[in-house]
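Novice: 3D, please:
(one chain, ligands or ions: 2)
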Amino acid sequence: MPEPVDLIITNISRCATLRGAKRPRTGAELERLSIVKGAAIAVRHGRIVAVGKARSVSRKVRPKQIIDAGGRFAAPGFVDPHTHIVFAASREHEFDMRVRGKSYVEITRAGGGIHNSVRMLRKATRRALQSQAMPRLDRMLSHGTTTAEVKSGYGLTLRDEIKMLEVIRNLGRRHPVDLVPTFLGAHEIPREYRRKKNRYIELLINEMLPRVASRRLAEFCDIFTEAHVYNIKDSRRILTAARDLGFKLKLHADEIKAMGGAELAGELGAVSADHLVMVSPRGIRAMAKGGVIPVLLPATSFALGAKAYAPARKMIEAGLPVALATDCNPGTSMTENMQFVLSIACTQLRMTPAEALTAATINAAYAIGRGDRVGSLDIGKAADIVLYDAPDERYIPYHMGVNHAACVLKNGKAHGVPYAGHTLL
Ligand code: NIG
Ligand code: FE
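Specialist: Ligands and ions are numbered 1, 2, ... in the order given. Next comes the predicted model:
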């Protein structure tokens, strides 16, 4: 007896299922996409119930609805594991200043950078922040992102950090893209604490972290560990307090200088360490030992016009499960587009298109604690599927700067973009 299902997607010429071990992928596994040619996917209650050769899937199911993929290439929805998409104003004037030769840290020291976004966010209402973030989420979804992490960190007061996290929670409820919230109260030292950093650290530890924990507003705690903000000692103190309250940990580590951020991530057993442009060989070893996922953000190096990119190949050789993210933020990476991140990952990090796709799906899912639910097209997982107007995974980063996603399904529901034949039975 064929099983009744809600939907079958048929006529997929090539399907990158990413099926494999139930853990982040390392080494040669990064290239294994578990391709099925001539595939179909069956969906019930938003989840995948069958995936494989079209003939065998269609024999097993009786669908209410059919989507004809028109011979397109299918892959799991992207997971974007590092974003700052809640902000109150863009910062193109800083982009212009950087193009003319000012550095990111110089602009920050002059009261720009994160401080600029903090000033604007403190003035903004929840409603304004939410309505500005919505089109960013729409753009993410239309480019194939179906799950994303979002950080606070432009409030830097108890009230404004809570405001940001509440906006993130609301966005997650209203928008099809699933959101994973991260508390980043240690994103900068607020201007009003410039000469009393320790007082702000105490506020973080004694008031902000406990309040965010008791209201369950964030799953992760992150920090900007860098010479001009939080040093290793500060970072260890804040992250240890966060861990004791039940937060999972992330770090912005070794982006501008190698200062031991990756080593600290390994020591504390952080889920991920992000950026890592300057990571040291010791840092790489510490991450391998501590089971830390390196989240690389090559669009940030690109947007900063930097010469240096994270040493992805060294990390892959060291057995680390590299992941990729946009770092979407108004200062250093104004893009929602993971397809563009794949292009930069291939040309600048020398990752192969297959490695980049793995890094942007299943490994990215593990980087935000969602590896059991999304990131591959496997039975029981969410039916988060992108149908691309592209013959295979290589074509997406190769034909750069445009959107190849013809249809994006989130929990089995097709969203906002034209797609091939669609029959209601
Ligand atoms: O990930 N590095 C720190 N945070 C962001 C930049 C945020 C900003 O400039 O607004 C990043 O690059
Ligand atoms: Fe960031």
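Novice: can you list the residues of the stretch 151-300 of the chain near ligand 1?
Specialist: Phe224, His252, Glu255, Thr300 (Cβ under 6 Å from any ligand atom). To be clear about C-beta, it is placed using only N, CA and C from the backbone, and glycine gets the same treatment.
Novice: Take these and write them to CSV, including neighbour count.
Specialist: CSV is the format used below for those (neighbours: other Cβ atoms under 10 Å):
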residue, neighbour count
Phe224, 21
His252, 28
Glu255, 27
Thr300, 28
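Novice: In helices, which of those residues fall?
Specialist: Secondary structure from DSSP state H places Thr300 of those in helices.
Novice: can you redo the residues of the stretch 151-300 of the chain next to ligand 1 as a markdown table with pLDDT?
Specialist: What follows is those, written out as a markdown table (pLDDT from 0 to 100):
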| residue | pLDDT |
| --- | --- |
| Phe224 | 98 |
| His252 | 98 |
| Glu255 | 96 |
| Thr300 | 98 |
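Novice: Most widely separated two among the residues of the stretch 151-300 of the chain next to ligand 1?
Specialist: Spatial extent of those (Cβ to Cβ) is set by the pair Phe224 and Thr300 at 12.8 Å.
Novice: What's the local residue count around Pro73?
Specialist: Heads up, residue 73 is Phe, not Pro. 24 (other Cβ atoms under 10 Å).
Novice: What residues are bridge-paired with it?
Specialist: Judged by DSSP bridges, the bridge partners of Phe73 are Arg14, Tyr388.
Novice: is it true that it touches Ala390?
Specialist: Yes: taking contacts as Cβ atoms under 8 Å, Phe73 lies within contact range of Ala390: 5.2 Å.
Novice: Between those two, which contacts overlap?
Specialist: Shared contacts of Phe73 and Ala390 (Cβ atoms under 8 Å, 6 or more residues apart in numbering): none.
Novice: Which strand or helix spans Ile162?
Specialist: Assigned by DSSP states H and E, Ile162 falls within helix 158-174.
Novice: For the very next helix or strand once past that helix, which strands pair with it and how are they oriented?
Specialist: Next helix or strand after helix 158-174 toward the C-terminus (DSSP H and E): strand 178-186. Partners of strand 178-186 in the sheet, by DSSP bridges, are strand 145-151 (parallel), strand 220-223 (parallel).
Novice: Check the burial of Ser142 by counting its neighbours.
Specialist: 16.
Novice: Pop out the phi and psi values for it.
Specialist: Here is the backbone geometry of Ser142 (degrees, to the nearest 10): phi -70, psi -20.
Novice: Need the per-residue pLDDT for it.
Specialist: Looking at Ser142, its pLDDT stands at 95.
Novice: Check the one 3 residues further on too.
Specialist: For Thr145, the pLDDT comes out at 98.
Novice: Quickly list what it is bridged to.
Specialist: Phe78.
Novice: these two touch, right, it and Thr335?
Specialist: No: Thr145 is beyond contact range of Thr335, at 11.1 Å (criterion: Cβ under 8 Å).
Novice: Between those two, which is the more surrounded one?
Specialist: Thr145 (31 against 20).
Novice: which residues does the more buried one contact?
Specialist: Contacts of Thr145 were listed using Cβ under 8 Å, 6+ apart, and they are Gly77, Phe78, Val79, Asp80, Val177, Glu336, Met338.
Novice: Could you break the chain into its assigned domains?
Specialist: Taking automatic domain parsing as the criterion, the chain consists of the domains 3-77+375-424, 79-367.
Novice: need the least confident one among those domains, by mean pLDDT.
Specialist: domain 3-77+375-424 (a mean of 94).
Novice: now that one: how far from the chain's centre is it?
Specialist: Relative to its chain's centre, domain 3-77+375-424 lies at 20 Å (Cα atoms, centre = their mean, to the nearest Å).
Novice: can you give me the strands in the stretch 201-350 of the chain?
Specialist: In the stretch 201-350 of the chain, the segments counted as strands under DSSP state E, counting those that start in this stretch are 220-223, 248-253, 272-275, 293-296, 323-324.
Novice: give me the number of residues near Ala89?
Specialist: Considering only other Cβ under 10 Å, Ala89 is surrounded by 14 other residues.
Novice: And for Ile168?
Specialist: The number of residues near Ile168, taken as other Cβ under 10 Å, comes to 26.
Novice: Repeat that for Gly111.
Specialist: Gly111, neighbours per other Cβ under 10 Å, totals 10.
Novice: doesn't Pro190 make contact with it?
Specialist: No: taking contacts as Cβ under 8 Å, Gly111 lies outside contact range of Pro190: 11.8 Å.
Novice: could I get the strands of the stretch 201-350 of the chain as JSON lines with distance to Asn363?
Specialist: Shown next, in JSON lines, are these (distance: least, Cβ to Cβ, whole Å):
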{"stretch": "strand 220-223", "distance to Asn363": "16"}
{"stretch": "strand 248-253", "distance to Asn363": "14"}
{"stretch": "strand 272-275", "distance to Asn363": "10"}
{"stretch": "strand 293-296", "distance to Asn363": "7"}
{"stretch": "strand 323-324", "distance to Asn363": "4"}
